[in-house]
Every structure is written in C-alpha cells, then in structure tokens.
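S.K.: Task: produce atomic coordinates for the following.
(4 chains)
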Protein chains: 4
Amino acid sequence: MKLTVIYDSKTDNTKKCADWIVEGMSRVEGVEAKAFKISDIDEAFVKESRGVVIGCPTYAALMTADLRTWLLTSAGKMGMAGKLGGAFATEQFSHGGAELVIQSILTNELVFGMLCYSGGGSCGRPIIHLGPVGVNGNVEPHNRLENYEEYFRVFGQRFAAKALELFGSRP
Amino acid sequence: MKLTVIYDSKTDNTKKCADWIVEGMSRVEGVEAKAFKISDIDEAFVKESRGVVIGCPTYAALMTADLRTWLLTSAGKMGMAGKLGGAFATEQFSHGGAELVIQSILTNELVFGMLCYSGGGSCGRPIIHLGPVGVNGNVEPHNRLENYEEYFRVFGQRFAAKALELFGSRP
Amino acid sequence: MKLTVIYDSKTDNTKKCADWIVEGMSRVEGVEAKAFKISDIDEAFVKESRGVVIGCPTYAALMTADLRTWLLTSAGKMGMAGKLGGAFATEQFSHGGAELVIQSILTNELVFGMLCYSGGGSCGRPIIHLGPVGVNGNVEPHNRLENYEEYFRVFGQRFAAKALELFGSRP
Amino acid sequence: MKLTVIYDSKTDNTKKCADWIVEGMSRVEGVEAKAFKISDIDEAFVKESRGVVIGCPTYAALMTADLRTWLLTSAGKMGMAGKLGGAFATEQFSHGGAELVIQSILTNELVFGMLCYSGGGSCGRPIIHLGPVGVNGNVEPHNRLENYEEYFRVFGQRFAAKALELFGSRP
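M.R.: Numbering: from 1, shown residues only, chains lettered A, B, ... in the order given. Below you'll find the model as predicted:
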C-alpha cells in the first residue's frame, strides 16, 4: 500500500518532519511511503496512495500561502476523496499556532471527502491530539526539532497501521 | 450495522436535526440508526455502533457547556476509537458560529481516535463542507430549520454509506 | 477619522458586502470610510485609518489563497498594529465555513497587534458574534446576499462608533 | 486602573501562569492587577477592571468544561463588553492544542463585545501570536512551565500598557 506525505517547507525544518513521518510509516510491513514537497509532487504516486498526510510551517498562526494555494488549485486533481488524511506542522514557539494550522489542513481534507485520523489518545503514549508538532530551535534555547522527532515517527506508524487496517486487503 | 447520533438540545430544534440524520442513515440498507440525547443514551448501542455523529446548538459561537462536559466525562466510556465520526450544529443566524462548533466536535472526535468524515465536496451536490448546519427561525424571518432539512438526510445517508463501505463486511 | 474595508472578491458578491459595511460606517459622524479590493489598495489611506475590516469569500471552508497571500506579504507594510480590527465573509451555504474564515482573519489581525472587535451580543439586536456573514443565492433558493444586507451596515456602524470612542479625540 | 486574570486550574499549573501575568501587569505604573480562580471571583473587582485575561488548561485539545460553563453562565454578569480581552492556556505537549483553547476563549470574548488583544508581532521579541502558552513538565522531559515563564510576564506587561493607552485617562 502506498502512502504519501506532502509538505511545504522554507528552510527544510518541515521537510525533516515529513521524512520522519515516512520513516514511521515504513515501519509497517506492506507500506511504501514517500514525501513530496508541494512544488515537486509525483501525482501518480499520490493518486495510488490510500492515505495522505499534509503539513507546513506556521506563518502568523496560520498555514503558508503556498500550501493554501496548492490545496485550492492542485490537490483536487489527485483523487483525495476517500483517502485517509492526516496533518502536521512546525512552529518557532509552543504558542505559535501549529495546532491551528493542523486544524485548518484537516478542515480542508474533510472538504475533499477524506477520512481524517490522528490516533489521538486511543493508541496509548504518546498521546497525539490532532497531529504532531515540531518546535524548531530558531528562537527558543530549550527547543529544537529533534525533541519532537519520535512523535512524527509514531504518528506515521499509527497512520500507516490504520490505513492498512481499513484498506489493506483491497486493491 | 448500528449507527448513532448523539445530541444536546434545549428546545428540540437540534433534536429535529438529529432525527433527520437518522432518517438519512436509515435509507441505507443494512443500517440500524438511532438518535440519543446526551442525558439519555443507550451505551450498549453506542458501543456497538461503527459510526457516531455528534451535534448541538451554538451558544456564543461555541458548543454548549453540557456537550463539552459530556465529551470530557462520559464519551470516553463508549469505545469511540476507530469509529467513523461526524458532526452537526444548529444556530440562530448564519453568522452564529455553527461551523466553529462542528470543527470543535470533530477536533474532540480526533482526540478519541475516531475517523472523521463529512463527504465534503466529493459526493456531488449538495456540497457539505464539515457537516450540516441548520439555521432556525427564532430570529431571522427568511430562515427556518426546514430550509436545511434535506442536508441532514443527505449527510446521514452519505455517512452511513461510507461506514458500510469501510466496515460493512466485518463483525 | 478614516476607516478601511479590505476585501478579496471573485464575483463582486463580497464587494457588495464591503460596500454595505462602508455605508454603515459612514452613518457615524466624523468618519470617512473606504473599501479597497486587495489588488487595488490606497496604502496611504489604510495607514491613516484607525480601523480596518477585512473579508473574503469562503473557499473550501477557509479563506481565499489570494487573501492569505496578501495578509502575509502586503498587509505588514500598512501599519496594522494598534488599529481596531474586524472581519467578515461570504459563503454559498450556511454550512460553508464563513465563521472559520472570519476567525482566521481575526487570528491574523491579532498577530498584527490589532484590537479585534465585533460588538458581539453587547449592542442589542441584531447579535453579531464574530462578524457579519452573507450567504449568496448561487445555490440555495431561500438565500440571497440581500437577506444579510443590514447586518453588514449595522456591523460597520458599531465598528465605527467603537473606533471613534477609542481614538476619536486623538490625531 | 484595575486589570483581572481569570483562570481555571486543576493542579495549580495554570494558576502559576495567571500569577506570572499579574506580575507582568504590575510592572506597569498605575495598574492594580489580580488573578481569580473561576470558583472564587471578586465580581466587583472584575466589573471595575478595564481588561480581563482568561485562561485554562487544555483538555482533549479544547477548553475545560468548567471554563466553558463559567463563560456561559457567570461571565455575562461581570460587564465584559468594552473591556480589553486576552487569553492564555497550558498544555502537556506542544501539540496539545493550547492555541485552539486560546482561539476559543478569544472567540467568546468577542461575543461579549470585548476588544481582543495579544500584541502579536508588533512589540518586538518575543513574538506572542494569540496569547502565551505554557507546556508543563508532566510528560515531556525537555519541557517545564518555567521555560515559558517570561512570556506570561511580557504578555501581561504589554496587555497592561495597551489598556492604559486606551483607557488610562478615563474613570
């Protein structure tokens, strides 16, 4: 089963997180996972994917303009309806607004007709409410993206396991 | 397959909408759907349900305090994880905040580990972004709940069809 | 005192609403109000304005990509900090997500350091929770933008009165 | 000028943050600031306050049921309309949803007719988008509330300075 992570990234911080999600997804047998930047997407791979996780950095407490544009103009061609959907974000401070970004992405995924899933508190520790958030080390000395690394892998693994459970035996 | 609609209602406006969703769900063969007020829930039925839709009226642009309390104290016992999740709301004006309520309910459902689904724009007309909204006739002369009646039925039907597609052949 | 309404509009529905807000603002003595499309803004006028109301149509339950881009790339030059801030939106159905759009715009205004204000339930009838919403007649036979016309005027008038109360006697 | 911080707190983590905001407010000359738990509020002090900041811990990515109940049943008696309004939250992980809580509280404050203000990016470093967030040390070894202590003080100070600027010379 194919799974896709799509991201916008300005400084490769968010790219790192996308790659961690792919690593977590790849822990699940039978899953082939790839991450694509919104400017360089293998559309055929996305179309064949049964789940798509979308993420971006937080700008002014909201998603980036490039991701907003991509969601409105390009995502529609990729057969999103019926796929499992997830979201993630990065930010520079814990109060940056990453969960607002994740909530907005999930909102857009629901409009596409996707099935949104995070695992939430149902998979034991760590609890991941709406999706993983990485706080980078640009501003806060006690924070760096690697503090949050395992959340992304765990999220990816849970997402892949759920996709397999839902769609595994189907073409 | 069992499906549940759970609602808070002060004046039976929101109860009406819950009943319309049940009617729409019941259009799908093989589905047994019931609506319960949060104060009077058949827990066994909810546990056996493969999908749960939750709704309430809009108070000060947010969900009711009773639904918030129920979600935190009671919903956890009903095995929500893995179920299909949906949401709806009523309001007194189109600017009342019903979509904020729906978004909050879906956020809570994600934390329960549910699979959130609305159909969005993927099922043709009518498009239902996050869930159906009913504007009652308490304040605005051009509005009454019945204007929105068919949205609730269509939403219920799509939700039931998706639940059947996902879980139909399983116990 | 100068007040500005800034909007994105694809079919002039949202332009109409912006103009209604300007009409309401102009009911308040001492106020000079103007509406500008994001592609054609008199920056000097905005800078001199003590309040700015921003609005757009609802696309996929979120703000337009053009408004998102404008907020990130252009609004910052216009001295938004300390101004009174408001928001409005249009949509095609009551469940379209207009309040999500308004909430996002207000979020961005807070990041600019603006003072957000809607009047809410504090000015008597009509109650306007976060900002006025217009449901156009493109899809629903019982709806048309004019049903909501007076909300926009009332909102504009209240916003102008509050701006005058806060800043009136100052340069 | 009187300023109030109102909070819900289960383990005194959020109480600590409320006290830090009061400390920051008290840095501004002419300000008398007090913090009250929602179960023990000096209503007369709140009524006389020109600004109110409201906060709580994050439960399932949303505000606590007790704060939701208080906002609907008790806050209305305290003359919130026209006051400066702010919000804050605590959480156990950076992905907990604290910004969703802050956004909900601000939404409710707008419905009360308050003027919402955070300072955002307009006061230099640190940037505080919607309000300060404290991540406690219950779960994450790299986090503890004290990492975020100064944000609360700075937020309180900026909030008080703005309240004084707006209302200072008035009764």
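S.K.: and whichever helix or strand A:Ala160 is part of, is it in reach of chain B?
M.R.: For A:Ala160, the element it lies in under DSSP states H and E is helix A:149-167. Yes - contact of helix A:149-167 with chain B (C-beta under 8 Å from any C-beta of the partner chain) involves A:162, A:166. Bear in mind the C-beta positions are built from the backbone N, C-alpha and C, glycine included.
S.K.: again with stretch A:59-77
M.R.: No - Stretch A:59-77 stays clear of chain B (C-beta under 8 Å from any C-beta), getting no nearer than 8.7 Å.
S.K.: Please identify the buried residues of that stretch?
M.R.: A:59-72, A:75 (16 or more other C-beta atoms under 10 Å in any protein chain shown).
S.K.: For chain A, which segments count as helices?
M.R.: A:13-26, A:43-48, A:65-73, A:98-111, A:149-167 (DSSP state H).
S.K.: how about the ones you listed in CSV, adding mean pLDDT and distance to chain D?
M.R.: Converted to CSV, those look like this (pLDDT from 0 to 100; distance: least, C-beta to the nearest C-beta, whole Å):
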stretch, mean pLDDT, distance to chain D
helix A:13-26, 98, 11
helix A:43-48, 98, 25
helix A:65-73, 96, 17
helix A:98-111, 98, 5
helix A:149-167, 97, 7
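S.K.: which of the ones you listed sits most buried?
M.R.: With neighbours taken as mean count of other C-beta atoms under 10 Å in any protein chain shown, these reach their highest mean count in helix A:98-111, at a mean of 28.
S.K.: Relative to the whole chain's centre, how far out is that one?
M.R.: Helix A:98-111 sits 10 Å away from the centroid of its parent chain (C-alpha atoms, centre = their mean, to the nearest Å).
S.K.: what residues are up against the residue nearest to A:Glu23 when sequence neighbours are not counted?
M.R.: Take A:Glu23 and drop its neighbours on the chain: the residue closest to it by C-beta to C-beta, 6 or more residues apart in numbering or on different chains is A:Arg153, 5.4 Å away. A:Arg153 sits next to A:20-21, A:23-24, A:27 when contact means C-beta atoms under 8 Å, 6 or more residues apart in numbering or on different chains.
S.K.: ok, now with 7 Å
M.R.: Residues near A:Arg153 by C-beta atoms under 7 Å, 6 or more residues apart in numbering or on different chains: A:20, A:23-24.
S.K.: Tell me the spacing between A:Ile38 and chain D.
M.R.: Relative to chain D, A:Ile38 is positioned 22 Å away (C-beta to the nearest C-beta, to the nearest Å).
S.K.: Do I have it right that that residue meets A:Asp66?
M.R.: Yes - using C-beta atoms under 7 Å, A:Ile38 is in contact with A:Asp66, at 6.4 Å.
S.K.: List the residues that are in contact with both of these two.
M.R.: In contact with both A:Ile38 and A:Asp66: A:Asp8, using C-beta under 7 Å, 6+ apart.
S.K.: which one in chain A is furthest away from the centre?
M.R.: A:Pro141 (25.7 Å; C-alpha atoms, centre = their mean).
S.K.: hmm, stretch A:131-139 in reach of chain B?
M.R.: No - Stretch A:131-139 lies out of reach of chain B by C-beta under 7 Å from any C-beta of the partner chain, never closer than 8.5 Å.
S.K.: Just give the closest residue to A:Val5, not the sequence neighbours.
M.R.: Nearest to A:Val5 is A:Ala35, by C-beta to C-beta, 6+ apart, at 4.1 Å.
S.K.: Count the neighbours of the one you found for me.
M.R.: Using other C-beta atoms under 10 Å in any protein chain shown, A:Ala35 has 22 other residues around it.
S.K.: Kindly report the same for the one 5 residues further on.
M.R.: The burial metric for A:Asp40, expressed as a neighbour count using other C-beta under 10 Å, is 6.
S.K.: Could you report the distance from A:Ser94 to C:Gly97?
M.R.: Remark: distance between A:Ser94 and C:Gly97 (C-beta to C-beta, to the nearest Å) = 27 Å.
S.K.: Looking at the two, which is more packed in?
M.R.: Using other C-beta under 10 Å, the more surrounded residue of A:Ser94 and C:Gly97 is C:Gly97, with 31 against 27.
S.K.: Give me the distance between that one and B:Tyr117.
M.R.: 16 Å.
S.K.: Next: A:Phe112.
M.R.: 11 Å.
S.K.: higher neighbour count, those two?
M.R.: Taking other C-beta under 10 Å, A:Phe112 and B:Tyr117 do not tie; B:Tyr117 has more neighbours (28 against 24).
S.K.: what does chain A have sitting close to chain C?
M.R.: Neighbours of chain C within chain A, by C-beta under 7 Å from any C-beta: A:59-62, A:65, A:68-69, A:71-72, A:100, A:104, A:107-108, A:111.
S.K.: circling back to that earlier point, quick one: residues contacting the residue nearest to A:Val5.
M.R.: Residues in contact with A:Ala35, defined by C-beta under 7 Å, 6+ apart, are A:5, A:7, A:18-19, A:22.
S.K.: out of those, what pair is the most spread apart?
M.R.: Taking C-beta to C-beta as the measure, these span a maximum distance of 10.4 Å, between A:Tyr7 and A:Val22.
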